[in-house]
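Here is a sequence together with a model predicted from it:
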There are 2 protein chains.
Amino acid sequence: MKPQIAIQGIQGSFHHQVALAYFQDAFELVECLSFEAVADSLLQGHATQAVMALENSIAGALLPNYALIDRNDFHIVGEHYLEIQQNLMALPGQSLASLQEVHSHPMALLQCMEFLKQHPHLKLVEDKDTAETARRIQAQQLQGIAAIGSVVAAELFELEIIAPQIQTVNNNLTRFAIVSRQANRPSAQINKASVKFELHHQRGSLAAVLNVMSDCRLNLTKIQSLPKIESPFTYAFFVDVTFEDYADFEKAAALLTLMASSFKLLGIYQNTLV
Amino acid sequence: MKPQIAIQGIQGSFHHQVALAYFQDAFELVECLSFEAVADSLLQGHATQAVMALENSIAGALLPNYALIDRNDFHIVGEHYLEIQQNLMALPGQSLASLQEVHSHPMALLQCMEFLKQHPHLKLVEDKDTAETARRIQAQQLQGIAAIGSVVAAELFELEIIAPQIQTVNNNLTRFAIVSRQANRPSAQINKASVKFELHHQRGSLAAVLNVMSDCRLNLTKIQSLPKIESPFTYAFFVDVTFEDYADFEKAAALLTLMASSFKLLGIYQNTLV
């Protein structure tokens, strides 16, 4: 039986593109309307794994998704990096000049604002979902209307890419997590971990933790603090580390469990950014 | 002459609420359509200072605003914390049951989803701006339509609060920066600093920096890493510290200038969270 992979969005979305890259087509797609619905589909067993964007180089961490993973005690079992490239697409046989409107999610419109400013004849119309718009243009054979989205969406919905890579900022690398209710077991391939811990606000407390990590030969690849509003002077930290030997990580984790007030392992997995 | 304060949004927005709290009404408001426009108004001298949201406890850091401050060499000269409270408001004399639609920014709708789910007779309509919707309800005397927004918006546009504090998550504390082209000078009131620095990805490099900060008696109140995509294996860090003696900070800054590949002071100001 093929694994069922839940994503936020529909076929042709960037989450779908990541699922295709990670699971090589050998999966059944579970389309969800929100990240909350993605979490529900894991909890109810409608999906075995899920793909969730975790952070990108423009907006930073998507903390609500970290919170979903943390709150539901999900495990990160893999990661995938995707460079977000937006393309202008429409029914075949049309020119840029002949298009009248661009329909897309506000965020996608914003990401392509420089390009859209150069073509002021295009009326911008906000829509719910980038891929859904592409699907509708094909289903209703909408002439004169363009969508913004992934190459996968153009292929799936048989639209022609009128202008490729129209995003303003290049290098918008987005990191996606593969999330599951079951944790990975340590193996030779496992060389990265995501952890969360809390520290009381005391001078040098974070430096002490990072010293332990460094002593245990862990490399820090991400750190983010988050003040805990409900308990002032306590900070939560989300930290990713890479390591060569899992035993090194185990030792650090044992020490941090003693040093930090609530150390939690969010997942161990294979590092894919080299 | 009153200082001119630029904000993203219009009167009645949360940014306006922060300007009122910080400048005590003794200012002229410069309404801007985007954060980019806020930056432009500072650059062109249309505003002397600006209010910019920097981070909140749900979504985390608003990195694009950090980037605006960094790229334009603006200085953070103050901070203000506001707990975001959303209220359902409409023309006076209506009951919740008699309302048919709620118009608001998608983010505000999302923040109030639990409340809105309990009142499924309300049709949700996405709009550009929360305060702008409140203004239009008053201007066009729209019966049966509610807006979501701040108490300040309800007062300004003479709407009645039908349901107060309808946000799902309480404790959504948002931190705003007061931004200027001129930096503060050191004084007895100055006890906080925001800095940015870059480190080559080398085991223990961040721990070494935090050790220096701790040795110089700085307290870390925020840290966030950001991989630099255009130069792999280099990380940028945004860090906030508090201190009792400015001389301690000066010493740490001098050391970090030597240790990190590009140390930049984003601003010194008075800590307002105690």
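Looks like it came in fine.

List the contacts of the lowest-mean-pLDDT helix or strand in chain A.
Least confident element among the helices and strands of chain A, by mean pLDDT, DSSP states H and E: strand A:60-61 (a mean of 74). Applying CB atoms under 8 Å, 6 or more residues apart in numbering or on different chains, the external contacts of strand A:60-61 come out as A:Leu54, A:Glu55, A:Gln224, A:Phe238, B:Gly60, B:Ala61, B:Leu63, B:Gln224, B:Leu226. Using the backbone N, CA and C atoms, a C-beta is placed for each residue, glycine as well.

can the longest helix seen in chain A be found next to chain B?
Assignment by DSSP state H gives helix A:246-259 as the longest helix of chain A. No - Helix A:246-259 is not in contact with chain B by CB under 8 Å from any CB of the partner chain; minimum separation 11.0 Å.

Now do that helix: everything it contacts.
Counting by CB under 8 Å, 6+ apart, A:186, A:190-191, A:193, A:195, A:197, A:208-209, A:212-213, A:216-218, A:241, A:243, A:263, A:265, A:268 sit against helix A:246-259.

List every C-alpha atom in stretch A:15-35, with coordinates, as PDB.
Below are the C-alpha coordinates for stretch A:15-35, written out as PDB (Å, rounded to 0.1, in the frame of the first residue of the first chain):
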ATOM      1  CA  HIS A  15       3.900  21.300  -0.800                       C
ATOM      2  CA  HIS A  16       2.900  18.800  -3.500                       C
ATOM      3  CA  GLN A  17       6.200  19.500  -5.300                       C
ATOM      4  CA  VAL A  18       8.100  18.700  -2.200                       C
ATOM      5  CA  ALA A  19       6.100  15.400  -1.700                       C
ATOM      6  CA  LEU A  20       6.900  14.400  -5.300                       C
ATOM      7  CA  ALA A  21      10.600  15.100  -4.700                       C
ATOM      8  CA  TYR A  22      10.800  13.400  -1.400                       C
ATOM      9  CA  PHE A  23       8.600  10.300  -2.000                       C
ATOM     10  CA  GLN A  24       9.200   9.900  -5.700                       C
ATOM     11  CA  ASP A  25       5.600   9.600  -6.800                       C
ATOM     12  CA  ALA A  26       5.100   6.500  -4.700                       C
ATOM     13  CA  PHE A  27       2.400   8.000  -2.500                       C
ATOM     14  CA  GLU A  28      -1.300   8.900  -2.300                       C
ATOM     15  CA  LEU A  29      -1.800  12.600  -1.800                       C
ATOM     16  CA  VAL A  30      -4.100  13.800   1.100                       C
ATOM     17  CA  GLU A  31      -5.200  17.400   0.300                       C
ATOM     18  CA  CYS A  32      -5.900  19.500   3.300                       C
ATOM     19  CA  LEU A  33      -7.400  23.000   3.600                       C
ATOM     20  CA  SER A  34      -5.200  24.200   6.400                       C
ATOM     21  CA  PHE A  35      -2.100  23.200   8.500                       C
END
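
tell me which residues in it are buried?
A:15-20, A:22-23, A:27, A:29-32, A:35 (16 or more other CB atoms under 10 Å in any protein chain shown).

What's the local residue count around A:Ala183?
16 (other CB atoms under 10 Å in any protein chain shown).

How about A:Gly93?
So A:Gly93, with other CB under 10 Å, has 8 neighbours.

show me what contacts it?
By CB under 8 Å, 6+ apart, the residues touching A:Gly93 are A:Glu160.

name the element the most centrally placed residue in chain A belongs to?
Centroid-nearest residue in chain A: A:Ala53, 1.2 Å away (criterion: CA atoms, centre = their mean). Per DSSP states H and E, A:Ala53 falls inside strand A:49-56.
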